[in-house]
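Participant: how does the following fold in three dimensions:
(one chain, ligands or ions: 2)
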Amino acid sequence: MITLGIETSCDETSVAVLENESRIIVNLIATQIEAHQIFGGVVPEIASRKHLEMLNPLLETARLDAGLEWREIDLIAVTAAPGLVGSLLVGVAAAKALSFAHRIPCQPVNHLEGHIASNFLAQPDLEFPMLCLVVSGGHSELVLMRGFNQFERLGRTRDDAIGEAYDKVARALNLPMPGGPNLEKLAAQGDPYGFDFTVTHLADGFDFSYSGLKTAASQAKMKHPEKTADIAASFQRAAVSQLRGQVQKAIEKYKPATLGLCGGVAANSAVRAQMEAAANESGISFVVPPKVLCTDNAAMIAAAGYFRFRDLPTEQQKFDLSVLNFETKSLLPIGEIVS
Ligand code: KG4
Ligand code: ZN
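Facilitator: Residues are numbered from 1 along each chain as shown. Ligands and ions are numbered 1, 2, ... in the order given. So this is what the prediction gives:
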């Protein structure tokens, strides 16, 4: 089965071709970072215009690189939510048009399910129950999967997502975009205990909170403008310790067989090392995708779409114009991952 994946939820335009659940044939990613850099953050209107420019050439290149005719594509999977509305619209409109023109079923995909699916691209035979830590620019979520397409959210951020906190602190430290990776680089030169930043202690449940830490780091920069490396290192130490604490608590309570890490911030070496240590300490398996599959890409969207489509009843799988209205039950409401 061949799935064409389309991702345009934020500032990466991406098109992928996936064979079955995990063989990536093509995964093209066009980043828009240069267009947003001078503004210090993603400008939604610019993002949608860039998607509009890039999507058609990427679709054609991906199909030609894969050596496929349209009739050989069995499914189109597209990010439908959450994300920047104008950006999502570009991908969804293209997916609907292709679906209609070539009579290919179209599966809407929740972006967070896409990030989670990247773990299965890295290792297709993962054992359930699986605890997934999704850490991106828009979300910090702890999700328990008891099987394919079964998602139970255990915790989420109460304010900023961890990637957002990285980006905002990076901006306070006058680092260029992309904030997260640049802050990580600077942190490597600093003392993680130079500042005794702490994270809000959330004793009950599995939520996260980063806005207090973000503010503390930004204020430290005003008081000690020369100590940027120590601020970066201390911020990272505190931010990652909250992830580790909540994940460890969830492992103890739910006793999963596997811990999966995904989302853009999963490209961070400190986050990867701490999560691997948490899994090892509890004697459970650990999976994290290669860095290119942690940040936004269409291969993970294709995989998530494939899993959803595979579980649909056969009559729903048949091409039906109703899919153009996205009336499939599988589309989760914006921001919701629930069982
Ligand atoms: O998943 P993603 O590509 O887009 C969203 O769905 O949001 O995640 C992007 C986020 C940004 O906040 C970026 O700064 C962060 O992931 N990020 C990192 C690193 N690489 C990307 N944060 C910390 N360290 C990194 N190495
Ligand atoms: Zn993402």
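
Participant: what's the lengthiest helix in the chain packed up against?
Facilitator: Longest helix in the chain, counting residues (DSSP state H): helix 228-254. In terms of contacts (3 or more C-beta pairs under 8 Å, 6 or more residues apart in numbering; DSSP states H and E), helix 228-254 is packed against strand 130-135, strand 140-147, strand 150-156, helix 162-172, helix 179-187, helix 211-223, helix 269-282. C-beta: built from backbone N, CA, C; applies to glycine.

Participant: check these for me and report the most buried one.
Facilitator: Greatest average neighbour count among these goes to strand 130-135 (a mean of 28), per mean count of other C-beta atoms under 10 Å.

Participant: how about it against ligand 1, any contact?
Facilitator: No - figure legend: strand 130-135 not in contact with ligand 1 (C-beta under 6 Å from any ligand atom); closest approach 7.5 Å.

Participant: just the CA trace of that strand, in PDB.
Facilitator: Extracted C-alpha coordinates of strand 130-135, given in PDB (Å, rounded to 0.1, in the frame of the first residue of the first chain):
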ATOM      1  CA  MET A 130       3.300   2.500  25.100                       C
ATOM      2  CA  LEU A 131       3.800   5.800  27.000                       C
ATOM      3  CA  CYS A 132       4.500   8.600  24.500                       C
ATOM      4  CA  LEU A 133       6.000  12.000  25.400                       C
ATOM      5  CA  VAL A 134       5.100  14.500  22.700                       C
ATOM      6  CA  VAL A 135       7.300  17.600  22.900                       C
END
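
Participant: what strands line up against it, and which way round?
Facilitator: strand 140-147 (antiparallel), strand 258-262 (parallel) (DSSP bridges).

Participant: that strand near ligand 2 at all?
Facilitator: No - Strand 130-135 is not in contact with ligand 2 by C-beta under 5 Å from the ion; minimum separation 8.5 Å.

Participant: what does that strand contact?
Facilitator: Contacts with strand 130-135, where a contact means C-beta atoms under 8 Å, 6 or more residues apart in numbering, come from 112, 115-116, 119, 140-145, 154, 161-163, 243, 247, 250-251, 254, 256-266, 271, 275.

Participant: starting at the chain centroid, how far to that strand?
Facilitator: Between the centre of strand 130-135 and the centre of its host chain there is 10 Å, according to C-alpha atoms, centre = their mean, to the nearest Å.

Participant: what average pLDDT does stretch 203-216 get?
Facilitator: What stretch 203-216 shows for mean pLDDT is 94.

Participant: and the end-to-end length of that stretch?
Facilitator: Start-to-end span of stretch 203-216 (C-alpha to C-alpha, to the nearest Å) is 21 Å.

Participant: in the stretch 1-150 of the chain, what residue lies closest to ligand 2?
Facilitator: Ser136 (4.3 Å; C-beta to the ion).

Participant: ok, now the stretch 201-339 of the chain?
Facilitator: When scored by C-beta to the ion, the stretch 201-339 of the chain has Asp296 as its residue closest to ligand 2, at 4.4 Å.

Participant: which SS state does that residue fall under?
Facilitator: Recorded secondary structure, Asp296: coil (DSSP: H, G, I helix; E, B strand; the rest coil).

Participant: got phi/psi on the closest residue to it other than its chain neighbours?
Facilitator: Counting by C-beta to C-beta, 6 or more residues apart in numbering, Glu12 is the residue found nearest to Asp296 once chain neighbours are left out, at 4.3 Å. Reported as degrees, to the nearest 10, the phi and psi values for Glu12 are phi -120, psi 130.

Participant: contacting residues for Glu12?
Facilitator: Per C-beta under 8 Å, 6+ apart, neighbours of Glu12: Ile29, Ala30, Thr31, Gln32, Thr295, Asp296, Asn297.

Participant: cool, and Ser136?
Facilitator: Leu112, His115, Ala161, Gly163, Gly263, Gly264, Val265.

Participant: do Ile25 as well
Facilitator: Going by C-beta under 8 Å, 6+ apart, Ile25 touches Ile2, Ala16, Val17, Leu18, Glu19, Asp65, Ala66.

Participant: flag every residue of this structure that's near ligand 1.
Facilitator: Near ligand 1, when you scan the chain using C-beta under 6 Å from any ligand atom, you find 10, 136-138, 163, 166-167, 178-181, 184, 263-265, 267-268, 295-296.

Participant: ok, 5 Å please
Facilitator: Proximity of the chain to ligand 1, by C-beta under 5 Å from any ligand atom, involves residues 136-138, 163, 166-167, 179-181, 184, 263-265, 267-268, 295-296.

Participant: farthest from the middle of this protein: give me that residue.
Facilitator: Distance to the chain centre peaks in the chain at Lys223, reaching 34.2 Å (criterion: C-alpha atoms, centre = their mean).

Participant: buried residues of stretch 221-233, list them for me.
Facilitator: Going by neighbour count (16 or more other C-beta atoms under 10 Å), the buried part of stretch 221-233 is Lys221, Lys227, Thr228, Ala229, Asp230, Ile231, Ala232, Ala233.

Participant: do stretch 74-86 as well
Facilitator: Buried-residue list, stretch 74-86, by 16+ other C-beta under 10 Å: Leu75, Ile76, Ala77, Val78, Thr79, Ala80, Ala81, Pro82, Gly83, Leu84, Gly86.
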